[in-house]
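[1] Any chance you can model this:
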Amino acid sequence: MKLEKLNSWLSLLANLGVLAGIVFLAVELDQSNRQAQSNAYQARINEIDQAGREYAVSEILPPIYVKIEETGLESLTPEELERVNAWEASRAARMNGQLVQYRNGFLDEESYQQMIAVGVRIYPLWEELGRTQSSVWSELMQVIRDAM
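    Okay, here's the model as predicted:
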C-alpha cells in the first residue's frame with residue numbers, strides 16, 4: 001500500500017515536471033520568436049540606413065535621379081542608365097527580402113506597408129527600366145501591382 005502511494009506521488013511529481021518543462025519550452029520558443037523578429041527588424045533598418053547613406057554621400061546618384069525627374073529616363077547616358085539599373089536592382093532585392101520576412105512573420109504590418117508604399121511610388125520607373133517583367137522579382141511586382 002505504501003509503495004502504491006509512493007508510486008502515485010512520484011507519478012504526480014513526474015507529471016508536474018513534464019508540465020513545467022512544457023511551460024518552460026513555450027516561454028523559450030516565444031522568446032526565440034521575438035528575438036528573430038527583432039533581428040529581422042534590425043537587419044531591415046540597417047539595410048535601409050546603409051542604402052540611404054550610400055545615396056546621400058554619392059556624388060553620382062542624386063544628380064541622375066534629378067535628371068530623371070526633370071527630363072525623363074531617356075535623357076540618361078548609357079553609364080547613368082546602368083547606375084540606375086544597378087541601384088534599382090539593389091532596391092528590389094532589399095524589398096524582396098522584406099517581403100519574405102513579412103510572409104514568414106518576421107516583419108510587422110506597418111513596416112511592410114511602408115515598403116509597399118515605396119514600391120508603388122517607384123514602380124513606374126521600374127516599368128520604364130523593364131524591371132517589372134523579371135521573373136526574379138515576380139512575386140514582389142505582383143504584390144506592388146495589387147497595392148496600386
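
[2] Point out where the chain drops to low pLDDT.
    Where the chain drops to pLDDT under 70, the residues are 1.

[3] now with 80?
    1-3, 5-7, 10, 12, 37, 40-41, 44, 133-137 (pLDDT under 80).

[4] helices or strands up against the longest helix seen in it?
    Using DSSP state H to define each element, the chain has its longest helix at helix 2-57. In terms of contacts (3 or more CB pairs under 8 Å, 6 or more residues apart in numbering; DSSP states H and E), helix 2-57 is packed against helix 61-71, helix 78-103. Bear in mind the C-beta positions are built from the backbone N, C-alpha and C, glycine included.

[5] quick one, which of those helices is nearest to residue 50?
    helix 78-103 (9.5 Å; CB to CB).

[6] Give me the angle between that closest one and helix 2-57.
    Angle, helix 78-103 to helix 2-57, by axes from the mean of the first three to the mean of the last three CA atoms, to 10 degrees: 160 degrees.

[7] now for helix 78-103, which elements pack on it?
    Using 3+ CB pairs under 8 Å, 6+ apart, helix 78-103 sits against helix 2-57, helix 61-71, helix 109-129, helix 138-147.

[8] Mean neighbour count and distance to residue 80 for those - can I get that in a markdown table?
    Listed next are these as a markdown table, based on neighbours: other CB atoms under 10 Å; distance: least, CB to CB, whole Å:
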| stretch | mean neighbour count | distance to residue 80 |
| --- | --- | --- |
| helix 2-57 | 11 | 15 |
| helix 61-71 | 13 | 5 |
| helix 109-129 | 15 | 12 |
| helix 138-147 | 16 | 24 |
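
[9] Export the ones you listed to CSV and append columns for distance to residue 92.
    Converted to CSV, the helices and strands packed on helix 78-103 look like this (distance: least, CB to CB, whole Å):
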stretch, distance to residue 92
helix 2-57, 12
helix 61-71, 16
helix 109-129, 7
helix 138-147, 6
